[in-house]
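> model the structure of this input:
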Amino acid sequence: MSLIDLRDPPTTPSEPPPSYDDVSKPTLNNTLPTPSLRPHVRSLSQIQIQGRPPPPPLNLDALNQLRGRRVILASTSPRRKILIALLGFKDAECIPSQFAEDLSKSSLSPFEYVQQTAEAKAMEVYRREIDSPKGEPGIILAADTIVVSHAGIIMEKPRSEAEHVRMLTTLRDEGPHRVYTAVTAMRPLENAIDPGYVCRTHVEETVVKFDAAVSDELILAYVKTREGADKAGGYGLQGTGSVLVERIEGSHDNVIGLPLRSTLRLIELIMQPEDELDDTYVNSDDDEA
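Predicted coordinates for the structure are as follows:
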């Protein structure tokens, strides 16, 4: 299949799509985007079956300990906010990390890159919020998602339409690719153990294969929607981008941006009584989680 010539697209939309800068701008408040702004993102109310009340939150000790406390999601991703709300944290504070996300992709493996990025995001928010007038956090959750091509190239968010087309064409033509999401959970300790917090990170891997029969025209049509402009790899599995995918092996919500099962396990791990925490889970600023 030939590459698409962006100078002569097969169709011309009636209105120009939003720019990549506009699509990638973080949402700084704690509210979910409205359907009119992001039609592919469903609100929590839309997830529920019409006429049925939402189910009660999971009655688990680790989650109950955090009721009424500050649960901070170090992200502005509406998809992650929706997913974390499924654990009962619908009022989680979205405080984006200011970490530059400039770790070396050449000297680190994809696993190391995504792990260290998530940990750095969590630590940056922790340092800002630990002495906040709002009170110390009950827990901080940070995540980072990358797509790794079949050839081993780390793909993050596309920066232009041309790069977006090349990215999706590569994912289609090369073969199965891998999606890694690292989730870091942190909480302050009440005892005097230095450095005063517990931190643990999990990295989830999912294999995704694009349909080799996806046409150049479909790729360009999808790029024009800008749905994937703010996503690693340039596509959203939870939206129209699913038409590009033939199959996945592993966690579906990992590709969306937060492996919920593993996130719950992390929360249960670090919410154990402090005298039961393994020393390997208590980290100093100079240690890896």
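> strands of this structure, start to end?
With DSSP state E as the criterion, the chain has strands at 71-73, 93-94, 139-148, 154-155, 177-188, 197-210, 245-249.
> turn those into a markdown table, including mean pLDDT, mean neighbour count and distance to Met167.
All C-beta spots, glycine's among them, are computed from the backbone N, C-alpha and C. As requested, these are exported to a markdown table (pLDDT from 0 to 100; neighbours: other CB atoms under 10 Å; distance: least, CB to CB, whole Å):
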| stretch | mean pLDDT | mean neighbour count | distance to Met167 |
| --- | --- | --- | --- |
| strand 71-73 | 98 | 24 | 26 |
| strand 93-94 | 97 | 19 | 27 |
| strand 139-148 | 97 | 26 | 8 |
| strand 154-155 | 93 | 18 | 6 |
| strand 177-188 | 97 | 24 | 10 |
| strand 197-210 | 96 | 20 | 11 |
| strand 245-249 | 97 | 13 | 14 |
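> got the ones you listed as TSV, with distance to Leu218 columns?
Shown next, in TSV, are the strands of the chain (distance: least, CB to CB, whole Å):
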stretch	distance to Leu218
strand 71-73	33
strand 93-94	33
strand 139-148	19
strand 154-155	19
strand 177-188	18
strand 197-210	11
strand 245-249	12
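> which of the ones you listed sits closest to Asp216?
strand 197-210 (12.9 Å; CB to CB).
> what angle do the closest one and strand 245-249 make?
Angle, strand 197-210 to strand 245-249, by axes from the mean of the first three to the mean of the last three CA atoms, to 10 degrees: 140 degrees.
> run the angle between strand 197-210 and strand 177-188 for me.
Strand 197-210 and strand 177-188 are oriented at 160 degrees to each other (the same axes, to 10 degrees).
> tell me, what residue is most central in the protein?
Gly257 (3.1 Å; CA atoms, centre = their mean).
> check that residue and give its pLDDT.
Note on Gly257: pLDDT of 92.
> stretch 55-73: end-to-end distance?
22 Å (CA to CA, to the nearest Å).
> so which bits of that stretch are buried?
By neighbour count with 16 or more other CB atoms under 10 Å, stretch 55-73 contains the buried residues Ala62, Leu63, Leu66, Arg70, Val71, Ile72, Leu73.
> give the contact list for the third one.
With contact taken as CB atoms under 8 Å, 6 or more residues apart in numbering, Leu66 is in contact with Phe89, Gly138, Ile139, Ile267, Met271.
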